[in-house]
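Trainee: here are the coordinates; sequence isn't available:
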């Protein structure tokens, strides 16, 4: 029953009256051609009404993904409903890799990229920036293709489901490589604030975990590309990356923790392996594909600030720790490279991503979110499209310089608002109907 459909954590109940489980692209075309409002729904790792529409949803997760590699172009094309972790495992078996992955390998390619999900690494762009092409069902029910050669392409990878239903995605790939990840505990806050860029750029991917209280962060999770048989592109590694067997015991005043490190109250043994080099597909995500991810019973919000102001933004949040910490499961701080995608949180600026995993206490979390947003307001913080925020249409217009271009593109491709919904209209991404 559509009325019983909930998001991944169970904290949002969808209002759509029907859910169509498409098994072929033709099923998607028929659903769109039938008329009325329709939106795509994926693995539902969202925490607001972005994917909802009080009408009809179409799931593409049951469509066979049929991944295809183009070695000459260095791309792979796969079904939009395919989980990133499943694609990663398949690519690894073929000797190829993606340059970046999110912390959860369970999320679908289409849903993650459409909402600007980012992964980690100060030199790594968000997942959507790896998109070289999209196949989507348009408002007239026809199947269309768009690529980087198209003039409006930069408005579509982070498309919020606002122009059609994406059924296949083409992503950039590179030769497979090895990654080693290590945890460093009790990282001093004063070192992070004084040396934020060096900290975040010290390895291929750096994640900082904190509850905002005390003089130290809980841990730094550091992922380094290492030389080895699977690394066919050593020139692409970061200068700070270590050769196998040369892992530093210290990280900006924090000491390496040799044993398992738990960041939140979550199922045991669901984290990817620390301390041993392994394939990128099994190290870049935080959580194992074959295990229950994260805590589950949670609410999430996230904000993206210009990294130049990152230390000041972090200190502003720390000043509200007394109100924030009791409601937190954990916060994670990451960095991403700038991109040119119109609705990306990293559009036009090197970015610091500040993530909050809250306890499932909606009223109290709403108050905490107000505090966080007040702290981050001076830093033009862009909220994650798929997570809880109180952002307004006026704020969105100020935060995204190409919003008007994106809205014009969506209106041109879908003049009747078939793929719109209340949230897109409230935020000024689509015109009201």
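Mentor: Everything's here; your move. What you see is a predicted model, and the numbers here were worked out from it, not measured in a lab. Residues are numbered from 1 along each chain as shown.
Trainee: looking at this, residue 88 is in a strand?
Mentor: No: counting by DSSP: H, G, I helix; E, B strand; the rest coil, residue 88 is not found in a strand; it is helix.
Trainee: so which bits of stretch 272-289 are buried?
Mentor: 272, 274, 277-289 (16 or more other Cβ atoms under 10 Å). For glycine as for every other residue, the C-beta is placed from the backbone atoms N, C-alpha and C.
Trainee: now residue 27: how far from residue 144?
Mentor: 17 Å (Cβ to Cβ, to the nearest Å).
Trainee: when these two are compared, which one has more neighbours?
Mentor: residue 27 (19 against 13; other Cβ atoms under 10 Å).
Trainee: past the helix or strand hosting that one, which element shows up next along the chain?
Mentor: Per DSSP states H and E: residue 27 is located in helix 25-33. Later in the chain than helix 25-33, the nearest helix or strand by DSSP H and E is strand 38-41.
Trainee: hang on, the earlier thing: now the helix holding residue 27, how far from the chain's geometric center?
Mentor: In terms of Cα atoms, centre = their mean, to the nearest Å, the centre of helix 25-33 is set 27 Å apart from its chain centre.
Trainee: sort out which residues of that helix are buried, please.
Mentor: Buried, per 16+ other Cβ under 10 Å, within helix 25-33: 25, 27-29, 31-32.
Trainee: same thing with stretch 332-340?
Mentor: Going by neighbour count (16+ other Cβ under 10 Å), the buried part of stretch 332-340 is 332-339.
Trainee: end-to-end on that stretch?
Mentor: 24 Å (Cα to Cα, to the nearest Å).
Trainee: before we move on, the earlier item: would a markdown table of the buried residues of stretch 332-340 with pLDDT, secondary structure and distance to residue 217 be doable?
Mentor: Formatted as a markdown table, the buried residues of stretch 332-340 follow (pLDDT from 0 to 100; DSSP: H, G, I helix; E, B strand; the rest coil; distance: Cβ to Cβ, whole Å):
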| residue | pLDDT | secondary structure | distance to residue 217 |
| --- | --- | --- | --- |
| 332 | 96 | strand | 10 |
| 333 | 98 | strand | 8 |
| 334 | 98 | strand | 13 |
| 335 | 98 | strand | 15 |
| 336 | 98 | strand | 19 |
| 337 | 98 | coil | 23 |
| 338 | 98 | coil | 25 |
| 339 | 98 | strand | 27 |
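Trainee: tell me the pLDDT of residue 54.
Mentor: As predicted, residue 54 sits at a pLDDT of 89.
Trainee: just say helix, strand or coil for it.
Mentor: Relying on three-state DSSP, one would call residue 54 coil.
Trainee: now do the strands in the stretch 101-250 of the chain.
Mentor: Assigned by DSSP state E, counting those that start in this stretch, the strands in the stretch 101-250 of the chain fall at 131-137, 143-147, 165-172, 174-175, 178-188, 205-210, 216-226, 250-251.
Trainee: repeat that for the stretch 251-400 of the chain.
Mentor: With DSSP E, counting those that start in this stretch as the criterion, the stretch 251-400 of the chain has strands at 254-257, 278-279, 298-306, 328-336, 351-359, 382-383.
Trainee: perfect, that will be all.
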